[in-house]
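> Please find the sequence and the predicted model below.
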Amino acid sequence: MKCPRCKTTAAVALPSHNAGFCPECFKVFFSRQVAKAIKERQLFSKEDKILIALSGGKDSLALARELQLQGYNTAGLHMDLAIPGSSDKARDHVERFCRDFGVDLHVLEMEKEGLPIPVVEKKFNRPVCSLCGRIKRYYFNKFALDHGFNVLATGHNLDDEAARLFSNVMRWDVSHLGSQGPDLPAEQGFVRKVKPLYRLSEFETANYSFLAGIDYCYSPCPYSKGASFTYYKTLLDELEYEQPGRKISFYEGFLNRGRQAFARQDEQQGGKPRPCPGCGYPTTGEICGICRIREIMGSKE
Amino acid sequence: MQILIEPENQWADIDRASTVLNLLKKLELRPNQAVVIRNGELLTPDRKIDPEDSIVVRKIASRG
């Protein structure tokens, strides 16, 4: 297979684009896809102060590198979840990446916040992934607001977004369908949230990270075994293999023709968030999810 | 042919895989589920491989 731009041997085959690129042309392709996402969805500009959530995996590190190369004003935030045998590796990758590429890094330690994930996992009789996700969203948002960032960027890619959409559709979850997208605007108590990699697949971010010399962490989280998203991703991989381009058309079709209807319906039916009396975080309940977790953990803020 | 599978860091002994696509089929992977690396170079599914090659198959699905 030859690269269509420079006619040298291709390194990355992309059936959904009916092409295969050499290393240099693939990086150009990747960069253009990110730029297109930012422009088409008006995600942010050079004036914005962007906080990037850095897990240490290929997606978040690729995002940080690419936004840095495109000249955006960025810094990274890593959350050390205190998971034995996993968190120390992830943190090490993030710290090395930020040192090697000159990215400003902040680290939040969940041990110090009184919410180490293994302890949360023991205390609650339910899958820890949703609690962990809730804790991460809360602290990323809080850190951004407290430190003057007006945009929070995450490395969610097309596979993440397509799997999430598939899951929301399977349940016809109007609230989640109405608020899913790569461009969630700032609201009272919430910083603007963006996903600039939404046009790029996991396969593409893995290839980019390799070619950009990013030493990312690829050890899976020990709690993620059997997660339904992993199964949905496998299903969608099969579909993409048989019908290249299905994932992006499924997701972009939703953004362009489906999302608004769900957002309108949710606006009519959903409750309006108010500040949590415990911490001020927006919530539709009596107290927010994090204050509830703290209550159960017996470690009030 | 000895193949290093990541992230498990396990070695697999694969017989008679003449191309990257054959190799991935034997490992029950689709081409969009792993990157295949030989001597620091990425390989597309159509590339020929040799029993003497040192190859890494890095699965890409992020979990957690």
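Done, it's in. Numbers count the residues shown, from 1 in each chain, chains lettered A, B, ... in the order given.
> C-alpha from now on. contacts and neighbour counts both.
OK.
> Spell out which parts of the stretch 1-150 of chain A neighbour chain B.
Within the stretch 1-150 of chain A, the positions near chain B by C-alpha under 8 Å from any C-alpha of the partner chain are A:Met1, A:Ala10, A:Ala11, A:Val12, A:Ala13, A:Gly57, A:Cys129.
> Correct me if wrong: the second one contacts A:Cys22.
It stands for A:Ala10. Yes - A:Ala10 lies in contact with A:Cys22 (C-alpha atoms under 8 Å); the separation is 4.2 Å.
> Pull up the overlap in contacts between these two.
By C-alpha atoms under 8 Å, 6 or more residues apart in numbering or on different chains, A:Ala10 and A:Cys22 have these common neighbours: A:Lys2, A:Cys3.
> Please tell me I have it right and A:His78 contacts A:Arg91.
Yes - in this structure, A:His78 is within contact of A:Arg91 by C-alpha under 8 Å, at 7.2 Å.
> so what sits against both of the two?
A:Ser55, A:Gly56.
> Can you show me the helices along the chain?
With no chain named, the answer covers chain A. For chain A, the helices defined by DSSP state H occupy A:23-40, A:58-69, A:87-101, A:117-123, A:128-146, A:158-171, A:174-178, A:202-211, A:228-242, A:246-257, A:259-269, A:289-297.
> Chain B was what I was after
B:20-26.
> Report the two of the residues of the stretch 1-150 of chain A next to chain B separated the most.
Using C-alpha to C-alpha, the pair of these lying farthest apart is A:Met1 and A:Cys129, separated by 40.7 Å.
> So between these two, which is more surrounded?
It is A:Met1, of A:Met1 and A:Cys129, that has more neighbours when counted by other C-alpha atoms under 10 Å in any protein chain shown, with 19 against 16.
> Disregarding residues adjacent in the polypeptide, which is nearest to that one?
Distance criterion C-alpha to C-alpha, 6 or more residues apart in numbering or on different chains; nearest residue to A:Met1, sequence neighbours excluded, is A:Ala10 at 5.6 Å.
> related to what we said a few turns ago, want to throw the helices of chain A into TSV with mean pLDDT?
TSV is the format used below for those (pLDDT from 0 to 100):
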stretch	mean pLDDT
helix A:23-40	98
helix A:58-69	98
helix A:87-101	97
helix A:117-123	91
helix A:128-146	94
helix A:158-171	96
helix A:174-178	92
helix A:202-211	97
helix A:228-242	90
helix A:246-257	97
helix A:259-269	87
helix A:289-297	90
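> show me the contacts for A:Phe203.
Going by C-alpha under 8 Å, 6+ apart, A:Phe203 touches B:Asn32, B:Gln33, B:Ala34, B:Val35, B:Ile60.
> beta partners of the fourth one?
Beta bridges link B:Val35 to B:Arg58, judged by DSSP bridges.
> For it, give me its contacts.
B:Val35 sits next to A:Phe203, A:Ala206, A:Asn207, B:Leu42, B:Leu43, B:Val57, B:Arg58, B:Lys59, B:Ile60 when contact means C-alpha under 8 Å, 6+ apart.
> With distance to A:Ile290 as extra columns, can I get the residues you listed in JSON lines?
Compiled in JSON lines, the contacts of B:Val35 are given as follows (distance: C-alpha to C-alpha, whole Å):
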{"residue": "A:Phe203", "distance to A:Ile290": "34"}
{"residue": "A:Ala206", "distance to A:Ile290": "33"}
{"residue": "A:Asn207", "distance to A:Ile290": "36"}
{"residue": "B:Leu42", "distance to A:Ile290": "43"}
{"residue": "B:Leu43", "distance to A:Ile290": "46"}
{"residue": "B:Val57", "distance to A:Ile290": "40"}
{"residue": "B:Arg58", "distance to A:Ile290": "36"}
{"residue": "B:Lys59", "distance to A:Ile290": "34"}
{"residue": "B:Ile60", "distance to A:Ile290": "32"}
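> So which of these wins on neighbours?
Tallying neighbours with other C-alpha under 10 Å puts A:Ala206 at the head of these, with 26 neighbours.
> That one: what's its closest spatial neighbour, skipping adjacent residues?
Leaving aside its sequence neighbours, A:Ala206 sits nearest to A:Lys58 (C-alpha to C-alpha, 6+ apart; 5.9 Å).
> next one: A:Ala62
Using C-alpha to C-alpha, 6+ apart and skipping the chain neighbours, the partner closest in space to A:Ala62 is A:Ser209 (5.6 Å).
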